[in-house]
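Colleague: here's a sequence, model it:
(chains A and B)
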Amino acid sequence: MSFQSRLTCLAGCMTACLALVAGAAFAADSDTAKLTKDPKNWAMQAGDLNNHRYSELKQITSKNAKNLTVAWTFSTGVLRGHEGGPLVIGDTMYLHSPFPNKVFAIALEDQSIRWKYEPKQDPTVIPVMCCDTVNRGLAYANGKIFLQQADTTLVALDAKTGNELWKVKVGDPKLGETTTNTPHIFKDKILTGISGGEFGVRGRITAHDINTGKVLWKAYSTGPDNELIVDPNKTMTWTDGKMAPIGANSSLKTWQGDQWKLGGGTTWGWYSYDPELNTVYYGTGNPSTWNPRQRPGDNKWSMTIFARDLDTGMAKWVYQMTPHDEWDYDGVNEMILADIKVKGKPRKALVHFDRNGFAYTMDRVSGELLVAEKYDPVVNWATHIDMKSGRPQVVAKYSTDKNGPDVNTKGVCPSALGTKDQQPASYSRKTGLFYVPTNHVCMDYEPFQIEYTAGQPYVGSTLSMYAAPNSHGGMGNFIAWDAGTGKMVWSKPERFSVWSGALSTAGDVVFYGTLEGYLKAVDLNGKELWKFKTPSGIIGNVTTWEYKGKQYVGVLSGIGGWAGIGLAAGLTKGNEGLGAVGGYKDLAKYTELGGVLTVFALPDR
Amino acid sequence: MRRSPSLPLLVPLLLPLLLIVPAAAHADDFPTSGRVEYVLECMQKHDGKYEYLYKCSCVVDRIARSLRYDDYVAMSVALRNQGLAGERGGEFRDEVSVRNMASKYKEIEAGANKACAVPQR
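Modeller: Next up, the predicted model:
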């Protein structure tokens, strides 16, 4: 740029800058973070900005949890999987449902419905959702409720009336783009992602103005530097035992030709935000396709932890956990921010339990890799993470790439579901430990050649899953983890995988749900204190709040497979109906039961 | 990775939980809520006809005499989720022990249905 043009620009920018300053004055922080500080509320899906899923409430304790009893229930009237959980702000609960994504505002006083919202969505979005028509819940800020619909519409509703305030579409279901994540409110912005890693979509996150929905920035997971929003010289990554700039074209270099355009790296997980660092953290999903031979290279920045400046979207640091994924180990799981001692030294840490079976502890300021250890001893696809390069040391016989297409790679642990999927862990600020719902499942994986067609599944693999061999025979564990040392503290076996989000409280109780439908309370040593059988399997997240002096605990149940459905769908063979490959038989005729929120409290004396 | 010391202790303790021994222990330990839940669902399946209050109660009482409640829950869940959509349904369809739970439960329920004059649906 010449001096002359710089001057003109400077003059021209003056008015624009003034306008910006004025605009900034209006763009005040939302009230969300403040609301989360009152433990009577549950104002964000994870309870707070840090993804802690921890409550200071302590009326329910490890001594009295055995007395918990049903206070009330609420049916959404919708079948299919119910993920996420309710929000509670003051005297009102806000609850969502899976597709068609109904929203209910419920008065806590008498459980009457204050208002109900049901968007009109094209049902053709259903077949392009890979993993059931789930929705991970609502967000709240400044008197508005935000819903991220399945068809990628982000909508703001008046929290008092349910009236639509604004709507914006963030993707195109015709291309296989759908949305399942909760929107995240950080400071004055709302952030959302995209799903569709099984359909060859190009992952990104967008930041919107809370008041208008206007896109403020959009950052892709794959592609050229400007679309990634990275600075080749300033965006850092772990390299040879230290942080170093990522350099130019860091993503493009790791894909063949223009494969990055179908690169996946979707963003449907649980983001977190550190206000002091003004940094947002999230993970990206698998590269498309699942057949690794078809996409040589590291496939950056799929399977990556991103740390971005909230205001500009600029990436501060990145870390790719599973370069060149060969097993569908999405990196989207929750990013938990905790100030803990790591190997004896206090750190502002980010803790992430990845699908690939390793739990990572990073320095969230610098992006340094501090700890990476297996959080299920059966994990076998890699021997360890090399702490100098930060790369997993892949075991050749479990490499679906080395074995190639049409070869069945057997006995890989974990399965494509990961040692943990999206079901979020809890961090207890009291014990400093992480309580983690996990899968204890291994798989046989057979990739095959596939051509891309927009809006069609782009999977290219068949797989078969089973309980981890030579173990306790069950398919799940609920564990306590020390992220400062990378060691398991205890592990409680479960018959099925644990797909519900955990909650820990100042009352020394940890809650989680099971696929049998039990809500369980355990003490800090993993000892079961209480369990209650809800109407269906639990894949929702446990939530707690206080209303009129009483602590409540609530959880959604509803897994999507009610009585008779299996027979009705005529599924009898082993790997029939697997995911996007052949899933979604028409189960619409079966409508007698919906997902249920069951709410518990201690009995009055 | 080293296992924590508590892990090997917990595993043998909980192993029996993961083994299903149908008909062995006649615990008859179904809670009332479990029986009511079964009857309601069974009645619904038969168009809500009142006669099924008796027939479905008969069925669940029979099932309760042959299975412990925890095993019934796990086995019936295994059967329900054979048709679970999506990748995660694989957990129920692929694992042999879960498929076996499902078919064993189907067999027990069919036997109870027959004895209680409930047509299979």
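Colleague: which of the three states applies to B:Val73?
Modeller: Judged by DSSP: H, G, I helix; E, B strand; the rest coil, the three-state class of B:Val73 is helix.
Colleague: buried residues of the helix or strand where A:Leu216 lies, list them for me.
Modeller: In the assignment (DSSP states H and E), A:Leu216 maps to strand A:215-220. Using 16 or more other C-beta atoms under 10 Å in any protein chain shown as the burial criterion, the residues of strand A:215-220 that qualify are A:Leu216, A:Trp217, A:Ala219, A:Tyr220. Every C-beta, even on glycine, is put in place using the N, C-alpha and C of the backbone.
Colleague: want to throw the residues you listed into TSV with distance to chain B and pLDDT?
Modeller: As requested, the buried residues of strand A:215-220 are exported to TSV (distance: C-beta to the nearest C-beta, whole Å; pLDDT from 0 to 100):
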residue	distance to chain B	pLDDT
A:Leu216	33	98
A:Trp217	32	98
A:Ala219	27	98
A:Tyr220	25	98
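Colleague: wait, which of these is closest to A:Asn50?
Modeller: A:Ala219 (21.5 Å; C-beta to C-beta).
Colleague: take the buried residues of strand A:215-220 and write them to JSON lines, including distance to A:Ile539.
Modeller: Output for the buried residues of strand A:215-220, formatted as JSON lines (distance: C-beta to C-beta, whole Å):
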{"residue": "A:Leu216", "distance to A:Ile539": "32"}
{"residue": "A:Trp217", "distance to A:Ile539": "32"}
{"residue": "A:Ala219", "distance to A:Ile539": "29"}
{"residue": "A:Tyr220", "distance to A:Ile539": "29"}
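Colleague: out of everything not next to it in sequence, what's closest to A:Gly193?
Modeller: Sequence neighbours aside, A:Thr267 is the residue nearest to A:Gly193 in space, at 3.1 Å (criterion: C-beta to C-beta, 6 or more residues apart in numbering or on different chains).
Colleague: do you know the pLDDT at A:Asn380?
Modeller: Note on A:Asn380: pLDDT of 98.
Colleague: dump the residue contacts of it.
Modeller: By C-beta atoms under 8 Å, 6 or more residues apart in numbering or on different chains, the contact list for A:Asn380 reads A:Val395, A:Tyr398, A:Gly411, A:Val412, A:Cys413.
Colleague: SS state for it?
Modeller: For A:Asn380, the assignment made with three-state DSSP gives coil.
Colleague: would you mind measuring from it to B:Ala102?
Modeller: 28 Å (C-beta to C-beta, to the nearest Å).
Colleague: helices along the chain, start to end?
Modeller: Went with chain A since none was named. Using DSSP state H, the helices assigned to chain A run over residues A:3-26, A:32-36, A:225-228, A:400-403, A:565-569, A:579-582.
Colleague: you answered for a different chain; I wanted chain B.
Modeller: Counting by DSSP H, one finds helices in chain B at the ranges B:6-18, B:32-45, B:51-66, B:69-80, B:90-93, B:96-115.
Colleague: A:Leu79 and A:Gly558 touch, don't they?
Modeller: Yes: contact criterion C-beta atoms under 8 Å: A:Leu79 and A:Gly558 qualify, at 7.3 Å.
Colleague: looking at those two, which is more packed in?
Modeller: A:Gly558 (30 against 25; other C-beta atoms under 10 Å in any protein chain shown).
Colleague: surely the more buried one is in contact with A:Val596?
Modeller: Yes: with contact defined as C-beta under 8 Å, A:Gly558 reaches A:Val596; the gap is 6.5 Å.
Colleague: show me the contacts for A:Phe478.
Modeller: Here A:Phe478 is in contact with A:435-438, A:491-492, A:494, A:498, A:502, A:512, A:520, A:522, A:526 (C-beta under 8 Å, 6+ apart).
Colleague: what does the stretch 301-450 of chain A put close to chain B?
Modeller: A:Glu373, A:Lys374, A:Pro377, A:Ser415, A:Ala416, A:Leu417, A:Asp421, A:Asn439, A:Val441 (C-beta under 8 Å from any C-beta of the partner chain).
Colleague: residues in contact with the most centrally placed residue in chain A?
Modeller: Nearest to the mean C-alpha position of chain A, by C-alpha atoms, centre = their mean, lies A:Gly269 at 2.3 Å. By C-beta under 8 Å, 6+ apart, the contact set of A:Gly269 is A:Asn181, A:Gly193, A:Tyr282, A:Gly283, A:Gly285, A:Asp330, A:Val332, A:Asn333, A:Glu334, A:Met335, A:Gln422.
Colleague: ok, those vs A:Thr453, which is closest?
Modeller: A:Gly285 (20.1 Å).
Colleague: can I have stretch A:269-283 written out in PDB, keeping just the CAs?
Modeller: The C-alpha coordinates for stretch A:269-283 follow below in PDB (Å, rounded to 0.1, in the frame of the first residue of the first chain):
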ATOM      1  CA  GLY A 269     -19.200 -29.800  20.200                       C
ATOM      2  CA  TRP A 270     -19.100 -27.800  23.400                       C
ATOM      3  CA  TYR A 271     -17.100 -24.600  23.200                       C
ATOM      4  CA  SER A 272     -15.700 -22.600  26.200                       C
ATOM      5  CA  TYR A 273     -14.500 -19.100  26.700                       C
ATOM      6  CA  ASP A 274     -11.900 -17.400  28.900                       C
ATOM      7  CA  PRO A 275     -12.900 -13.700  29.400                       C
ATOM      8  CA  GLU A 276      -9.500 -12.700  30.700                       C
ATOM      9  CA  LEU A 277      -7.800 -14.000  27.600                       C
ATOM     10  CA  ASN A 278     -10.800 -13.100  25.400                       C
ATOM     11  CA  THR A 279     -10.300 -16.500  23.800                       C
ATOM     12  CA  VAL A 280     -12.800 -19.100  22.700                       C
ATOM     13  CA  TYR A 281     -11.900 -22.800  22.500                       C
ATOM     14  CA  TYR A 282     -13.500 -25.500  20.400                       C
ATOM     15  CA  GLY A 283     -12.600 -28.700  18.500                       C
END
